[in-house]
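> Got a predicted structure here, sequence first:
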Amino acid sequence: MENISVIITFIIYLLFMLAIGSHFYKRNESLSDYLIGGRQLNKWVAAMSAQASDMSGWLLLGLPGYAYLQGMEASWIAVGLAAGTYLNWRFVARRLRRYTEIAGNAITLPDYFANRFLDTNRLLRTLSAVFILIFFLIYTSSGFVAGAKLFKSVFGLPYHSALLIGVVVIISYTALGGFMAVSWTDFFQGIIMFFAIVSVPLLAIHATGGFAETTSTLHSAGSGYLNLFNTIDDHPIPLLTIVSLLAWGLGYFGQPHILTRFMAIRSPEEVRPARRIAMTWVVISLACAVLVGLAGRAYLPETLSSSDAETIFMVLVNRLTHPIVGGILLAAVLAAIMSTADSQLLVTSSALTEDLYRVIIRPNASEKELVWVSRGTVIGVAAIACAIALKPDSNVLDLVSYAWAGFGATFGPLVLTSLYWKRMTRNGAIAGIIGGGVTVLVWKQLEGGLFDLYEIVPGFVVSVCLIVLFSLIDRSPEAEVLEQFADAQN
């Protein structure tokens, strides 16, 4: 009976998501409508969809699992992400919104790079699209893994059956409704995620006996469990570890699925109020995600294994709530997963359709043809990501951290310097993309000593250095590029 209540709640939720996709199906008359919504996002939808698509399933799975195992050490990730979110909204959002419109009304990140640097031979655009495809396949697969773990935990389904169900649902409304469907579903999913992440740790603390009892229990779990600067066994956290955790914040400047929301917001003037909405959501959500792990460690009489730690949110929901309420809260996990996976699928589709198919294969393709090609690539990319996610023991946080570093190092320095340095050139951009992306891919394969540093740090540094070096030894940018840059600063 309890399982039936949860199933009904899930079905209602999924039907609501599909209804949104169907609603926007007929509104996609052009590729711009399908990929960027005609730049018509209001401040609430822009803010909530950006953050919901940012946080993904790891907010309710990966981060609580980390906190459950390692205690307050997980807070360093939360601090880095909160700082990165603010800096991204403060220094990138408004200027990128304005610059993408000035630079040929660009509707994708590779499109913006190509127009910004007059990339006539399409090398910069193609490289950008290829790296988006590589890292989003990894990122999207993390969402599929999280979805499979959810359905397996809730319904006792085999992993692969659970994986297939989640993939089919996400594909359906993303392919149907495009960007506006994705943004509006993310808006509602962000609300559900916020309600869930705030309520569950409070329920766990109450069930444990209050804050005092919870704190006392956690002290017994490990002498350093509640110490921000010590490991769980009370040794100082290595500086390399702290830098790596804080460095998650660097990733924001290069995440295409977040930057697309900046490009799509209705006007540059709506960025400031959107930033306030986003920061309120982010700070509270990150703090509560860490608290889920801590409260779960105090509440559970047994200790979850490291492989099961990422299910702590779902375990608490199943034990502490009525089945109907539990169904709503567990739907938040599905919301977190879907809100990121749908955005990633759409951005990958946009890179393949706008930046490869239209530019290289079919320059004269009609708008209707491009919309249908984009829908087809959503399905194709999802199938490949699903294949990557077939391993049941895949770790959500590991997959997310790899893709996050890839985007942060490949595109982050490029976005920042393109917005603020007029001397930057196309060759500098190409060198930065290759240097940042390849450094992450190589560094990830190395272990021990300095190589334990999160790969986003060396990738980011290498990219910045190459951008500056190759731009300075290159000839000065063309007059048209400098004029666009000046217009974007006003």
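Ah, there it is.
> which residues in this protein form strands?
With DSSP state E as the criterion, the chain has no strands.
> Next, the contact list for the residue nearest the centre of it, please.
Centrality entry for the chain: nearest residue to the mean C-alpha point is residue 54, 3.3 Å, by CA atoms, centre = their mean. With contact set as CB atoms under 8 Å, 6 or more residues apart in numbering, residue 54 has these partners: 85, 252, 255, 257-258, 340. Using the backbone N, CA and C atoms, a C-beta is placed for each residue, glycine as well.
> what about it, distance to residue 282?
For residue 54, the distance to residue 282 (CB to CB, to the nearest Å) stands at 8 Å.
> What count of nearby residues applies to residue 326?
Neighbour count for residue 326, taken as other CB atoms under 10 Å: 21.
> ok, and what's touching stretch 191-206?
The contact list for stretch 191-206 (CB under 8 Å, 6+ apart) reads 48, 52, 55, 59-60, 211, 214, 281, 284-285, 288-289, 291-292, 294-296, 298-299, 313, 316-317, 320-321, 328-329, 331-333, 335-336, 339.
> same thing but 7 Å
52, 59-60, 211, 214, 281, 284-285, 288-289, 291-292, 295-296, 299, 313, 316-317, 320-321, 329, 331-332, 335-336 (CB atoms under 7 Å, 6 or more residues apart in numbering).
> Emit the PyMOL select command for whichever of these are buried.
The PyMOL command for the buried members of the contacts of stretch 191-206 (criterion: 16 or more other CB atoms under 10 Å) is given here:
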select buried, resi 52+59+60+214+281+285+288+289+291+292+295+296+299+313+316+317+320+321+329+331+332+335+336
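> Identify the residue nearest residue 147 in space, chain neighbours excluded?
residue 166 (3.1 Å; CB to CB, 6 or more residues apart in numbering).
> my read: the one you found touches residue 145, true?
No. Counting by CB atoms under 7 Å, residue 166 does not reach residue 145; the two are 9.4 Å apart.
> Settle it for me: which of the two has more neighbours?
Using other CB under 10 Å as the criterion, residue 166 and residue 145 rank with residue 145 on top: 31 against 25.
> What ranges in the stretch 251-400 of the chain fall below the confidence cut-off?
Applying pLDDT under 70 to the stretch 251-400 of the chain picks out residues 301, 307, 335-336, 338-340, 342-343, 354-355, 392-397.
> Can you list the residue ranges for helices in it?
Remark: helices assigned in the stretch 251-400 of the chain by DSSP state H, counting those that start in this stretch are 256-264, 271-299, 312-320, 323-352, 367-388, 396-420.
> between the second one and helix 312-320, how big is the angle?
Using axes from the mean of the first three to the mean of the last three CA atoms, to 10 degrees, the inter-axis angle of helix 271-299 relative to helix 312-320 is 60 degrees.
> And helix 271-299, what does it pack against?
Identification of packing neighbours for helix 271-299 by 3 or more CB pairs under 7 Å, 6 or more residues apart in numbering; DSSP states H and E yields helix 43-55, helix 62-70, helix 75-88, helix 159-208, helix 211-221, helix 312-320.
> redo that, cut-off 8 Å
In terms of contacts (3 or more CB pairs under 8 Å, 6 or more residues apart in numbering; DSSP states H and E), helix 271-299 is packed against helix 43-55, helix 62-70, helix 75-88, helix 94-102, helix 159-208, helix 211-221, helix 312-320.
> I'd like the ones you listed laid out as CSV, including distance to residue 270.
Formatted as CSV, the helices and strands packed on helix 271-299 follow (distance: least, CB to CB, whole Å):
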stretch, distance to residue 270
helix 43-55, 4
helix 62-70, 29
helix 75-88, 16
helix 94-102, 9
helix 159-208, 14
helix 211-221, 39
helix 312-320, 33
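> Which one, of those helices, ends up nearest to residue 349?
Residue 349 sits nearest to helix 159-208 of all the helices and strands packed on helix 271-299, at 8.3 Å, using CB to CB.
> Let me know the average pLDDT across that closest one.
The average pLDDT within helix 159-208 is 78.
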